[in-house]
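K.L.:
Here is a sequence together with a model predicted from it:
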Amino acid sequence: MATNTKRGFNSTFGAIMAAAGSAMGLGNMWRFPYICGKYGGGAFLMVYIFFIFAIGMVLMMSEFIIGRRTRQSPLRAFITLKPQQPKWRIVGVLGLLTCFLVLAVYLVISGWTVNYFWESLTGQLSAVGDGAYESHFMDFASSAIAPVVCLLIFLAINVVVVLGGVEKGIERVSKLLMPVMVVLLAILCVRSLTLEGASEGLRYLFYPDFNFLSGEGVLAALGQALFSLSVGLGVMIVYGSYLPAKDNLLTTSLWIVVCDLSVSILAGIAIFPAVFSCGLTPAEGPGLVYQVLPVVFNSMGSFGRVAAILFFLLLALAALTSAISLLEALTAGLSEGGMKRGKAVALVSIGSAVLASLASFSFGNGLLSNWHLFVILDKLTGTYMLAIGALLTVIFVGWFMKRDDIYDELSNHGTLKVGYFKVFYYFLIRVLAPIALLVVLIAGIVG
Ligand code: PHE
């Protein structure tokens, strides 16, 4: 505990950038636009926004409370808060396991992004030619060596940043990269909106067609809200343990949530009008970004090449600050158990590199295609483990943590006014969030 109290973010702005960097990632850039369109555009968006604030943000505040109160990683924090019931430790263990599995999947997709950034930089991507991007993507992602090399390059950058430390590595990189990302995204949005036929894409994204919003869509909205805010697996407990004592947990969380939501919407604005203006239809999952967008870039004339480079750079940077948070959470957990930080980083990196490589081999018609490991990991973490982690966390905070401790932490020992506490926070955390999460989980398991 002694070492942990010393380590932390140096400023409120840096802390927000680091946590927002964790939140804004691949989940915002390709997953959000695609599922938002699939489940009814504007209708999905409204449900999503409700979940983001009513459940996601409340969960984020709760993880910050646990982290900052104890200044520990999820492995110890739960026992510290509830020494009489050490079984709560399981939530921390589950969280770190989820981090490890999510990191493996994340590394694979990030590796693809590194490759596409490189190909757009060298001009190879535009040379592939319309009509061949689907096979180009599948050939690459299913091959044995190249995707693994790319994911290792990406992992190496992560390792350098995390070894740099919380303040000098993570905070510094996030403060620099987050504003750069927003500028890149804004440029792409402007370009996309000025294309002919852009309004059809905006309609697809924003028009609230409630006929498309199914029960499945509601579940997808909640799952997306958790994944996108990086909650339910303890990452925000670790970042909470690094938050400055003077920070207001409500406003910090609000900033992160608003940044994350804005980036998702901006990504949709950057992607859909462009896709529609080329007469293409939005494809499913990874395909949208890697198979459809290159066609869009080719149609933009000389700006297309620049747009492709900017887009894949943006995607890689967004993925980087998210992967960093996963690596840091695992490192913090292990080093709390007495392991040196460097050794912990090495161990997590090697383990996740091995798992990510296996997942990559199992993708498409790759070497181990019968394993379906990539798909299994993605589904297991995204659908079940995050929701279980989230449910256990809200139950713990709402029903097992001392109310006074929560109040004390949210009000910075009574120095802040927390008029919202009873209605907004305590009701949501004790009643609404657990019920909603339980319903989603049951529906997910049954359906
Ligand atoms: N929030 C990240 C995204 O939107 C993914 C992530 C999930 C990162 C969980 C860390 C922890 O891409």
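P.N.:
Cool, got the structure.
K.L.:
okay, how far is it across stretch 83-90, tip to tip?
P.N.:
Using Cα to Cα, to the nearest Å, the end-to-end distance of stretch 83-90 comes to 13 Å.
K.L.:
buried set for it?
P.N.:
88, 89 (16 or more other Cβ atoms under 10 Å). The C-beta positions use only the backbone N, C-alpha and C, and glycine is treated the same way.
K.L.:
any idea of the mean pLDDT for it?
P.N.:
Average pLDDT, stretch 83-90: 94.
K.L.:
Other residues contacting that stretch?
P.N.:
If you take Cβ atoms under 8 Å, 6 or more residues apart in numbering as the criterion, stretch 83-90 is touched by 75, 78, 79, 81, 82, 392, 396, 400.
K.L.:
Same question for stretch 218-231.
P.N.:
By Cβ under 8 Å, 6+ apart, the surrounding residues in contact with stretch 218-231 are 19, 22-23, 25, 27-28, 31-32, 35, 39, 44, 47-48, 51-52, 55-57, 59-60, 63, 232, 236, 256-257, 260, 264, 322, 325, 382-383, 386-387, 390, 436-437, 440, 443-444, 447.
K.L.:
among these, which are within reach of the ligand?
P.N.:
Near the ligand, judged by Cβ under 6 Å from any ligand atom, the entries from the contacts of stretch 218-231 are 22, 23, 25, 27, 28, 322, 325.
K.L.:
Could you dump the residues you listed into a markdown table with pLDDT added?
P.N.:
Output for these, formatted as a markdown table (pLDDT from 0 to 100):
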| residue | pLDDT |
| --- | --- |
| 22 | 96 |
| 23 | 97 |
| 25 | 94 |
| 27 | 93 |
| 28 | 93 |
| 322 | 96 |
| 325 | 96 |
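K.L.:
and those as JSON lines, adding neighbour count?
P.N.:
Formatted as JSON lines, these follow (neighbours: other Cβ atoms under 10 Å):
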{"residue": "22", "neighbour count": "27"}
{"residue": "23", "neighbour count": "28"}
{"residue": "25", "neighbour count": "27"}
{"residue": "27", "neighbour count": "25"}
{"residue": "28", "neighbour count": "27"}
{"residue": "322", "neighbour count": "26"}
{"residue": "325", "neighbour count": "27"}
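K.L.:
quick one, phi/psi of residue 208?
P.N.:
With angles defined as degrees, to the nearest 10, residue 208 sits at phi -80, psi 90.
K.L.:
If I look at it, what pLDDT would I see?
P.N.:
On the pLDDT scale, residue 208 is placed at 85.
K.L.:
Equivalent analysis for residue 161, please.
P.N.:
For residue 161, the pLDDT comes out at 94.
K.L.:
ok, it to residue 443 distance?
P.N.:
Remark: distance between residue 161 and residue 443 (Cβ to Cβ, to the nearest Å) = 38 Å.
K.L.:
Of these two, give the one with the bigger neighbour count.
P.N.:
Neighbour totals were compared for residue 161 and residue 443, and residue 161 leads with 21 against 14 (other Cβ atoms under 10 Å).
K.L.:
Quick check: closest non-adjacent residue to the more buried one.
P.N.:
Of all residues not flanking residue 161 in the chain, residue 169 sits nearest, at 4.5 Å (Cβ to Cβ, 6 or more residues apart in numbering).
K.L.:
Give me the neighbour count for the one you found.
P.N.:
By the measure other Cβ under 10 Å, the count of residues near residue 169 is 19.
K.L.:
I figured it hits residue 163, correct?
P.N.:
Yes. If you go by Cβ atoms under 8 Å, residue 169 and residue 163 touch, sitting 6.7 Å apart.
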